[in-house]
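[1] coords below, sequence missing:
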């Protein structure tokens, strides 16, 4: 029994998918049942590494969806529109959808999930997070027995590449970014990567699956690496830390105990983070991604691999196609949905006010090189009940000094109160950097 | 709709499963549908941390299987018999089985799979390999689009604990083993762990799934860590390597190109291995496990986490139960099988003759401390066409010396030929250690 595939987009990922379908030998035999029936492209004349019969190419994506030979619609065109409308059109036609589009899912996931549930079709998104790493499927199908405490990850390859080189070479952010753009690791407009928006899209998706309910993308506090200075990466290393752009979705303990059984409060955020050198995520270098899931009773499990690229992303897209093909053999196209694979939502997720969450912090202060400054700083922290792990003067010249403080875990509002008091001190020029520490 | 669970065994893992079922709040809502109907135990009188209604306990495992209220049979008693017979009895009764029993699956997997296919029931084994790490499910359901090149892993926690401490403390194998036994990390009879049999069971299972056909457990070349000396761990560290007990299943390149499309030749083996310090598996410490899967086009993906323990293993068992419960909603108990979840075999796997496989090697030679010995050793390797990466004299005293050689990748039979010639040299006392290098 063959299954017709309709591809929306034949860029990097689309070509990778077509390449797998064109050469099924040595892969799971279900791959041999998949037939690439129609492909929507922007330009019919553009030369392509893969030769496809010309009648299968079209510039009209709706024709792909509407083609009766197409059983599964694969959206790999990217962007918000027309991707969103096309996904909804496929669902309305009763066709399952596979998409790699994290931006659409992070923003319109609820609308799409509601439409899919109504029509009884799957919308699968393994390729939307972590490239080739199996992470969506394990969260949906292998960790359901757990109460998830925290999902944290390095889920943007571009920023991890930049941070890895800043750490290895002591290079400045702007220089490495320019180099990454030359090498094709960063886009001409790098904003979505370096300002953390791409990672926020992805953690919204992961949190929604891990905690069983949609997470408001707009409510995710997001800080990128675009204002990170090389000296903070270097100081962090001296103190035994590695700086990574971390996306975190954490169940807020107190609330979970007090709140209703069917709701959960989450702290979801993206920011540069100091990780202790022996943390499992600290060893993830270059364009690799890794996601750490912590739950009860499983403990810590981590998923590691290539976070982007044609091959890895195509591997994830084909995994989703195979899952739809496999489950068709259970009950045919008219059967019910597997609630694990469909990832129906079952809980209300609320994002908490970040000012009440608790963190360890790294602060770098530019001060005058005077006696008593460290004492005054320590007093400010003490007054705000912020407990300090270390306070070190790391550089002093020409009457100026740099002081780095690492706090114990403190509530964000108390920490901000202390910082305000410190900024007002006579010997302190400014708060030069402020980063979270795990 | 509730689903009746019958548990065979209420030891560490069984108790962990019962604990999850007894407290569904905050887990996937399907957990709430699972009812622990009957439990087979060895001793009804034994005090247990969990209180179960006495009428649900029995010492007769067959009564659990035959109970009409039991929909899914969970085998967590361990050992070969009666576990094998009970699994077959459940299958014959048309009941799906979840088992954590790697020894039974590695030895009787083919018999069990054939019976399951005939009856159209699932036998799921996530807990058999890697404890709480989702690895069976990702290989079956997320990597099917790939041609798998290699599966390699640290899949025995006891030996990894021992090796980690040998590396950290420079301690002798026997001392760390005794300590691990005191702490409960190693059993009173440690043979299955330290001689590599447990890891061989597990790699047989992983290889069977990754390559799509059963692998002959008896044909897996297996070497444990029980003869490993502390000085080799120390020398390896000096040369930039970490020693790990690795289980490897590798597609043999040449054969795959020449052989029939429906067959694959594999090199499957377990042995202590020198890993370069920056290899993804080199950072896996203590009782943790990790599995690295390399495929085309995904590249390298790694799965990391706790390889044993009540909680992690129970998490994996419950994952399998949930998958069966989920897929029941697609088509009811009489529906077809999902070929991915059922992991039907589709290819013939042949194990190759290890003497033709190629490896890098670490060799430690006890020699006389004489001029010319290194030259003679080098000549022996050269004559056998074994290319050398480094040859270092690492210790010399009282007329004796220790020479460590690391070769480039060479065919095993050529390497053995060179070693025989070296052992016959006048200045060489003996080949004191010989380990594979990645």
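    Happy to help now that I have it. The shown structure was predicted, so the numbers you read here are calculated from the model rather than taken from an experiment.
[2] how many neighbours does residue A:397 have?
    By other Cβ atoms under 10 Å in any protein chain shown, 8 other residues sit near residue A:397. Bear in mind the C-beta positions are built from the backbone N, C-alpha and C, glycine included.
[3] separation between it and residue A:368?
    12 Å (Cβ to Cβ, to the nearest Å).
[4] strands along the stretch 101-250 of chain A, start to end?
    A:123-124, A:147-154, A:221-222, A:241-251 (DSSP state E, counting those that start in this stretch).
[5] direction included, what does the longest one pair against?
    Think strand A:241-251. Note on strand A:241-251: by DSSP bridges, its sheet partners are strand A:147-154 (antiparallel), strand A:263-276 (antiparallel).
[6] distance from the last one to the middle of the chain?
    Meaning strand A:263-276. Relative to its chain's centre, strand A:263-276 lies at 12 Å (Cα atoms, centre = their mean, to the nearest Å).
[7] so which helix or strand takes in residue A:371?
    Assigned by DSSP states H and E, residue A:371 falls within no helix or strand.
[8] quick one, what contacts it?
    Applying Cβ atoms under 8 Å, 6 or more residues apart in numbering or on different chains to residue A:371 gives no contacts.
[9] before we move on, what about residue A:192?
    residue A:198.
[10] how close does it get to chain B?
    Distance, residue A:192 to chain B, by Cβ to the nearest Cβ, to the nearest Å: 23 Å.
[11] same question for residue A:344.
    Counting by Cβ to the nearest Cβ, the gap from residue A:344 to chain B is 9 Å.
[12] get me the contact residues on the stretch 301-438 of chain A for chain B.
    A:301-306, A:309-312, A:314-319, A:321-323, A:326-327, A:329-332, A:335-341, A:346 (Cβ under 8 Å from any Cβ of the partner chain).
[13] next, format the strands paired with strand A:241-251 as CSV and append mean pLDDT.
    As requested, the strands paired with strand A:241-251 are exported to CSV (pLDDT from 0 to 100):
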stretch, mean pLDDT
strand A:147-154, 97
strand A:263-276, 95
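[14] sorry, back to before: same list (the strands of the stretch 101-250 of chain A) but as CSV, adding mean neighbour count and distance to residue B:363.
    Converted to CSV, the strands of the stretch 101-250 of chain A look like this (neighbours: other Cβ atoms under 10 Å in any protein chain shown; distance: least, Cβ to Cβ, whole Å):
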stretch, mean neighbour count, distance to residue B:363
strand A:123-124, 26, 50
strand A:147-154, 24, 39
strand A:221-222, 18, 54
strand A:241-251, 25, 36
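[15] which one of those lies closest to residue A:178?
    strand A:241-251 (18.4 Å; Cβ to Cβ).
[16] tell me the mean pLDDT for the host helix or strand of residue A:319?
    With secondary structure defined by DSSP H and E, residue A:319 is part of helix A:310-331. Across helix A:310-331, the average pLDDT comes to 95.
[17] pull the helix or strand with minimum mean pLDDT from chain A.
    The weakest-scoring helix or strand in chain A, judged by mean pLDDT, DSSP states H and E, is helix A:253-258 (a mean of 48).
[18] about what we covered before: out of the strands paired with strand A:241-251, which is closest to residue B:23?
    Nearest of the strands paired with strand A:241-251 (Cβ to Cβ): strand A:147-154, 9.0 Å.
[19] contact partners of that closest one?
    With Cβ under 8 Å, 6+ apart, strand A:147-154 has contacts from A:130, A:139, A:160, A:202-203, A:206-207, A:210-211, A:244-251, A:281, A:284, A:288-296, A:307, A:438, B:25-27.
[20] try 7 Å
    Strand A:147-154 is contacted from outside by A:160, A:206-207, A:210-211, A:244-251, A:281, A:284, A:289-296, B:26-27, using Cβ atoms under 7 Å, 6 or more residues apart in numbering or on different chains.
[21] distance from stretch A:90-107 to the middle of the chain?
    18 Å.
[22] what's in contact with that stretch?
    Against stretch A:90-107 from outside (Cβ under 7 Å, 6+ apart): A:13, A:65-66, A:70-76, A:78, A:80, A:83-84, A:87, A:112, A:115-116, A:119, A:121-125, A:127-129, A:201-202, A:204-205, A:217, A:313, A:317, A:320-321, A:324.
[23] and with 6 Å instead?
    If you take Cβ atoms under 6 Å, 6 or more residues apart in numbering or on different chains as the criterion, stretch A:90-107 is touched by A:13, A:65, A:72-76, A:78, A:80, A:83-84, A:87, A:115-116, A:119, A:121-125, A:127-128, A:201-202, A:204-205, A:217, A:313, A:317, A:320-321, A:324.
[24] again with stretch A:227-236
    In contact with stretch A:227-236 (Cβ under 6 Å, 6+ apart) are residues A:166-167, A:170, A:172-173, A:243, A:272, A:274, A:394, A:404, A:433.
[25] closest one of the residues you listed to chain B?
    Closest to chain B out of the contacts of stretch A:227-236 is residue A:167 (14.2 Å), distances taken as Cβ to the nearest Cβ.
[26] and for stretch A:428-438, what are the contacting residues?
    For stretch A:428-438, contacts defined as Cβ under 6 Å, 6+ apart pick out A:232, A:271-275, A:359-360, A:362-367, A:419, A:422-423.
[27] hmm, try it at 8 Å
    Here stretch A:428-438 has contacts from A:152, A:228-229, A:232, A:236, A:241, A:243, A:246, A:271-276, A:279, A:359-368, A:373, A:376-377, A:400, A:402, A:406-407, A:419, A:422-423, using Cβ under 8 Å, 6+ apart.
[28] where does the stretch 151-300 of chain A dip in pLDDT?
    A:253-261 (pLDDT under 70).
[29] who in it is up against chain B?
    Checking the stretch 151-300 of chain A against chain B by Cβ under 8 Å from any Cβ, the hits are A:212, A:256, A:261, A:264, A:280, A:283, A:295-300.
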